[in-house]
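Undergrad: Based on what follows, work out the 3D shape:
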Amino acid sequence: MRYIKTFSSVIALSGVLSLAGCSSSTPTSDVGIYLSDDVQDFYGYCPTLEVDIAGLTKAEEKRLSSYDVDKYFSPPEQFRKSLGAVTVKFSDKDMIGKVLPSGDGIWDKWNDKGVTHLAIIVNLPIVNSVKDVQADPRKLIIDLNEKFISPGSHYILIGGSGVIEVRNEPADAKTVKISGVEKAKKKENTEK
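TA: Numbers count the residues shown, from 1 in each chain. Predicted structure coming up:
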């Protein structure tokens, strides 16, 4: 009988420990978005760009991976709005890098909805038609449960040929911190 009680206690304790492990949130990280110098060379000018940083659930990741980028940025933008993305902009007058810090409140909102992936989507003008929307170089989807290329940070470079993640922050990069929470607070205040 004593062995049964001990065995029951071990089973109960392991169940509690496994539940505690399941409740851990998705890792947060700094996300730096940088414009490559080759954008101007590629297009002959620096186009005005919108870049969305979005935390995705598994269902949203599946949908976005097969979603057309041009449709994503076209009105009425319902899918885009539903993601609650943080949007940053670049232009010939603003080419400075943008960093979404790991401590930003948007990560709490994304974790609350159960994000598993991070998406970077940019409205780069397309030179050649995209035949496979899943291979569109204007979007990058990162599995947050895989090891980061750079621990604790994601460095995203937007070039003339698309969006890529790089190992290190670009040399001599000037950055400004952005926030996804300010946008969300403003939206909540306007809805009241």
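Undergrad: mind listing the helices for this structure?
TA: 2-22, 38-43, 58-65, 69-73, 78-83, 106-113, 181-191 (DSSP state H).
Undergrad: In terms of mean pLDDT, which of the ones you listed ranks lowest?
TA: Looking at these, the lowest mean pLDDT belongs to helix 2-22 (a mean of 40).
Undergrad: Can you name the residues that contact residue 121?
TA: By C-beta atoms under 8 Å, 6 or more residues apart in numbering, residue 121 lies in contact with 51-52, 54, 64, 69, 72-73, 85, 138-140, 163. All C-beta spots, glycine's among them, are computed from the backbone N, C-alpha and C.
Undergrad: These: which two are farthest apart?
TA: Pairwise distances among those were taken by C-beta to C-beta; the largest, 15.3 Å, belongs to 73 and 140.
Undergrad: These two: which is more packed in?
TA: Remark: of residue 73 and residue 140, residue 140 carries more neighbours, 19 against 15, as counted by other C-beta atoms under 10 Å.
Undergrad: isn't the more buried one right up against residue 124?
TA: No. Using C-beta atoms under 8 Å, residue 140 is not in contact with residue 124; the gap is 11.8 Å.
Undergrad: Overlap of the contact sets of the two?
TA: 162-163.
Undergrad: Write down the beta-bridge partners of the residue positioned nearest the centre of the chain, one by one.
TA: Nearest residue to the geometric centre of the chain (C-alpha atoms, centre = their mean): residue 118, 3.2 Å. As for beta bridges, residue 118 partners with residue 55, residue 142 under DSSP bridges.
Undergrad: Just the pLDDT at it, thanks.
TA: pLDDT, read off for residue 118, is 95.
Undergrad: Please tell me how far residue 105 sits from residue 129.
TA: Residue 105 sits 39 Å away from residue 129, going by C-beta to C-beta, to the nearest Å.
Undergrad: More neighbours: the two, which one.
TA: Ranked by neighbour count (other C-beta under 10 Å), residue 105 and residue 129 place residue 105 first, with 14 against 5.
Undergrad: what's the nearest residue to the more buried one if we skip its chain neighbours?
TA: residue 181 (3.6 Å; C-beta to C-beta, 6 or more residues apart in numbering).
Undergrad: and the one you found, how many residues sit next to it?
TA: Counted by other C-beta under 10 Å, the residues lying close to residue 181 total 14.
Undergrad: Same check on residue 108?
TA: 13.
Undergrad: Residue 77 too?
TA: Neighbourhood size, residue 77 [other C-beta under 10 Å]: 12.
Undergrad: quick one: pLDDT of it?
TA: Note on residue 77: pLDDT of 90.
Undergrad: Distance check, residue 73 against residue 172.
TA: Here the criterion is C-beta to C-beta. By it, residue 73 lies 30 Å from residue 172.
Undergrad: which residues does residue 30 form a beta bridge with?
TA: Beta-bridge pairing of residue 30 under DSSP bridges involves residue 153.
Undergrad: I figured it was touching residue 152, is that so?
TA: Yes. Between residue 30 and residue 152 there is a contact at 6.7 Å, judged by C-beta under 8 Å.
Undergrad: Great, nothing more from me.
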